[in-house]
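Trainee: Fold the following.
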Amino acid sequence: MPVPALAEMLAALSMNTDPFMFGFEVPLLPKYPGLHPQQQALDDGATESGATVHFVNNDLDAGPIVLQRSVPVLPGDTADELASRILEIEHALYPDAIASVLAAQ
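Mentor: Okay, here's the model as predicted:
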């Protein structure tokens, strides 16, 4: 997300959002919130999945999105194989999200 868009999002945060608490989710939100997102993506025939960092609010996996990264869903993937590919991008996603928020302040 470009920094100006992130800055606009930060300015528009509602009172039920904690601007200092991140949620880290495996699905590309808003799709597949809750449990077993990789299996949900496979069952839905999705062509990509990934991970999301978002601000926490009162709703399940529904806070404003800070940053997302995706990976392809490959033919014949299992939920475990997809989760393994997502794990590879997760390690860089969280620090990149923090850097984006700090750069917007």
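Trainee: Going by secondary structure, the residue sitting nearest the centre point of the chain is in what exactly?
Mentor: For the chain, the residue nearest the mean C-alpha position is residue 52 (0.8 Å; Cα atoms, centre = their mean). Assigned by DSSP states H and E, residue 52 belongs to strand 48-57.
Trainee: Against which helices or strands is that strand packed?
Mentor: The helices and strands touching strand 48-57, judged by 3 or more Cβ pairs under 8 Å, 6 or more residues apart in numbering; DSSP states H and E, are strand 17-25, helix 37-44, strand 65-72, helix 79-104. Every residue, glycine included, has its C-beta placed from N, CA and C.
Trainee: With mean pLDDT as new columns, can these be given to me in JSON lines?
Mentor: Shown next, in JSON lines, are those (pLDDT from 0 to 100):
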{"stretch": "strand 17-25", "mean pLDDT": "63"}
{"stretch": "helix 37-44", "mean pLDDT": "92"}
{"stretch": "strand 65-72", "mean pLDDT": "90"}
{"stretch": "helix 79-104", "mean pLDDT": "88"}
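Trainee: so which of the ones you listed comes closest to residue 58?
Mentor: For residue 58, the closest of the helices and strands packed on strand 48-57 is strand 17-25, at 8.3 Å, according to Cβ to Cβ.
Trainee: out of the helices and strands packed on strand 48-57, nearest to residue 57?
Mentor: Here strand 17-25 is closest among those (Cβ to Cβ), at 4.3 Å.
Trainee: Please name the residues that touch residue 32.
Mentor: 40, 41, 44, 49 (Cβ atoms under 8 Å, 6 or more residues apart in numbering).
Trainee: Tell me how far it lies from residue 98.
Mentor: 24 Å (Cβ to Cβ, to the nearest Å).
Trainee: One more: residue 74?
Mentor: Distance, residue 74 to residue 98, by Cβ to Cβ: 30 Å.
Trainee: more neighbours, the two?
Mentor: More neighbours surround residue 98 than the other of residue 74 and residue 98, with 14 against 10 (other Cβ atoms under 10 Å).
Trainee: The helices and strands packed on strand 48-57: which one's closest to residue 56?
Mentor: Comparing the helices and strands packed on strand 48-57 under Cβ to Cβ, the one sitting nearest is strand 17-25, at 4.3 Å.
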